[in-house]
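Participant: missing the sequence, but the structure's below:
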């Protein structure tokens, strides 16, 4: 049961990463990257590593997204 | 001069210590730790006091002239509000379902602007969040008693304006 | 477009190499993985007595490997210093012009 | 190559796929912010690999509340190492973003190809 | 970076003390539950970031100036080194825990000397690092 749940999470993660690679809008890419990190922290909770899960949800999803959005607001939004 | 200064510090401290917020934070601390021994409670009390002192002027402004922790009339008003909200929610959900299932998709999306007669910011935020929670309508902008709502159909827009003018929220104002 | 195809072929080769490594690795979830049995037993059996912390991960990062974490705080400090240097250099240069 | 072993170790396979996609983003996209996102995806793939190495079937998370020799725990060492890694990866991301802001101030673009063109015109 | 929006403002006023208390809980409860200096410090720093996003960077500057956060950042690291030197002073190795700091009853709040002391320093340092990163990357209008 747990294996199946983790497998579904990994499939969702792979789809999200492929969309991040293809999308042109940088802000959408950053939002999808945040979603990626949040699902990853869920996966780590499943793997019984709660310390890593909390740190990932706070640092990887929160702070990285804030810094990336701040940088995009200072440069330009479209990739081209 | 020196005495004045001390008095000022005392005033600031008294304005910043907020017993109700400290009590709520202590409850949160007990929920987090799951322990009820004296050491835990002391540490929690110390931390809550420090946080209230630090963030002092940026927390919710205290409502004047109330001795009790929660006014009894407020609980009744909250229940009445939730009851009305659930009725509205079911109605709006049925309406949106009808629109979505209709093959012609009869949508007339547009923005509605109107003014609120609510003084407290928290009541305005409550109304805006209620509008967003209701399917089909979405509060877009809220500043200084002026609200902009995005509505899916014309009827829902009229409903929203009615809902905003109703008396449940004014009861919150009075309590 | 040509660049993308070359990159794809290169990634395919790297992926095949890494896959062959996965084929040789022990199965996921086995009790005894690499040759780290001693460390695993030591941390889990004597960790609470030796450090007083029942959360073994924090016992590892701030007691057994505290020197490692000291290096990490140095990394944080260096990052802040480097960012200040990078962005303040721009401001100073603008002021000179 | 043992095919059934690969099927059983699908966590490692997913980590490899993340690594490859991150590397693809870093190689082919000319935008610098996209390159930083690709670098973060590669970091995440390494973390996924290490944490799944430490997992033990049926183990509990390594917080020993009432010690008994029967309970099995997950290996805490990879978790501790990856905790360090996450913080370092965020530091590197922040520094890279500061450099990107600086590059934008200097060239007015964050596209590598345009930067190369501007550089070649200058010389 | 400031939104003139009542919703963000009011929700920030409600939620800010809870965020800070949760971050401090993660730092202090490090030896009993998941968390620690890194995650707790990040949560506290994220509270400051939310504050400056909703009230404006100039008010945050008044609350915690750049100079103070830079000082906290440096002294968080120094506190760590100082704790290491305490053990050296008693004749043990650098950063020794057991005989130097009292361990206490394992499983209670006041136990595991070095772990909790180091994590408090780490939390202060990481929180000020997050604030400084946000201020320098996204804070001032350029």
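Facilitator: Yep, that arrived. All values derive from a computational prediction rather than experimental measurement. Numbering: from 1, shown residues only, chains lettered A, B, ... in the order given.
Participant: Mind jotting down where the strands sit in chain B?
Facilitator: B:110-115, B:137-143, B:146-151 (DSSP state E).
Participant: can you tell me which of those comes nearest to chain A?
Facilitator: strand B:137-143 (18.6 Å; C-beta to the nearest C-beta). For the C-beta atoms, the positions are set from N, CA and C on the backbone; glycine is no exception.
Participant: What residues does residue B:40 make contact with?
Facilitator: Residue B:40 makes contact with B:29-30, B:33, E:109, according to C-beta atoms under 8 Å, 6 or more residues apart in numbering or on different chains.
Participant: who wins for proximity to residue C:67 among the strands of chain B?
Facilitator: strand B:137-143 (52.3 Å; C-beta to C-beta).
Participant: packing partners for that closest one?
Facilitator: Identification of packing neighbours for strand B:137-143 by 3 or more C-beta pairs under 8 Å, 6 or more residues apart in numbering or on different chains; DSSP states H and E yields helix B:121-133, strand B:146-151, helix B:154-165, helix E:6-28.
Participant: May I see the buried residues of that strand?
Facilitator: By neighbour count, and taking 16 or more other C-beta atoms under 10 Å in any protein chain shown as the criterion, the buried residues in strand B:137-143 are B:137-139, B:141-142.
Participant: Now do the helices in chain C.
Facilitator: Shown for chain C, the helices assigned by DSSP state H span residues C:2-24, C:37-51, C:56-59, C:66-96.
Participant: between the contacts of residue B:40, which has the most around it?
Facilitator: Of all the contacts of residue B:40, the highest neighbour tally under other C-beta atoms under 10 Å in any protein chain shown goes to residue B:29, namely 21 neighbours.
Participant: tally of neighbours for residue B:160?
Facilitator: Count around residue B:160 with other C-beta under 10 Å applied: 26.
Participant: show me the contacts for it.
Facilitator: Residue B:160 touches B:112, B:131, B:137, B:149, B:151, counting by C-beta under 8 Å, 6+ apart.
Participant: Quick check: the farthest pair among the residues you listed?
Facilitator: B:112 and B:131 (10.1 Å).
Participant: Moving C-terminal from the least confident helix or strand in chain E by mean pLDDT, which element do we reach first?
Facilitator: Ranking every helix and strand in chain E by mean pLDDT, DSSP states H and E puts helix E:57-63 at the bottom, with a mean of 80. Following helix E:57-63 in sequence order, the next helix or strand is helix E:66-89 (DSSP states H and E).
Participant: What count of nearby residues applies to the closest residue to residue E:111 other than its chain neighbours?
Facilitator: Leaving aside its chain neighbours, residue E:111 sits nearest to residue E:104 (3.5 Å; criterion: C-beta to C-beta, 6 or more residues apart in numbering or on different chains). Residue E:104 sits with 15 neighbouring residues when counted by other C-beta under 10 Å.
Participant: and residue E:104, which of the three is it?
Facilitator: Recorded secondary structure, residue E:104: coil (DSSP: H, G, I helix; E, B strand; the rest coil).
Participant: how about it, what does it touch?
Facilitator: C:52, E:110-113.
Participant: which strands and helices sit next to the least confident helix or strand of chain E?
Facilitator: Using 3+ C-beta pairs under 8 Å, 6+ apart: helix E:57-63 touches helix E:37-55.
Participant: elements contacting the helix it packs on?
Facilitator: helix A:50-55, helix D:76-107, helix E:6-28, helix E:57-63, helix E:113-134.
Participant: helices or strands up against the second one?
Facilitator: If I follow you right, that is helix D:76-107. helix A:50-55, helix A:64-74, helix C:37-51, helix C:56-59, helix C:66-96, helix D:32-54, helix D:112-122, helix E:37-55.
Participant: what's the closest of these to residue C:1?
Facilitator: helix D:112-122 (13.9 Å).
Participant: Can you tell me what sits against that closest one?
Facilitator: With C-beta under 8 Å, 6+ apart, helix D:112-122 has contacts from D:30-32, D:103, D:107, D:109.
Participant: re earlier: closest to chain B among the contacts of residue E:104?
Facilitator: residue E:110 (6.5 Å).
Participant: Excluding chain neighbours, what is closest to the residue in chain C that chain D sits nearest to?
Facilitator: Chain D sits closest to residue C:29 of chain C, with a gap of 3.6 Å, by C-beta to the nearest C-beta. Once flanking residues are discounted, residue C:29 sits nearest to residue D:57: 3.6 Å by C-beta to C-beta, 6+ apart.
Participant: so who does residue D:13 touch?
Facilitator: With C-beta under 8 Å, 6+ apart, residue D:13 has these contacts: C:19, C:22, D:6.
Participant: Wait, the first one touches residue D:16, no?
Facilitator: Yes: between residue C:19 and residue D:16 there is a contact under C-beta atoms under 8 Å: 6.6 Å.
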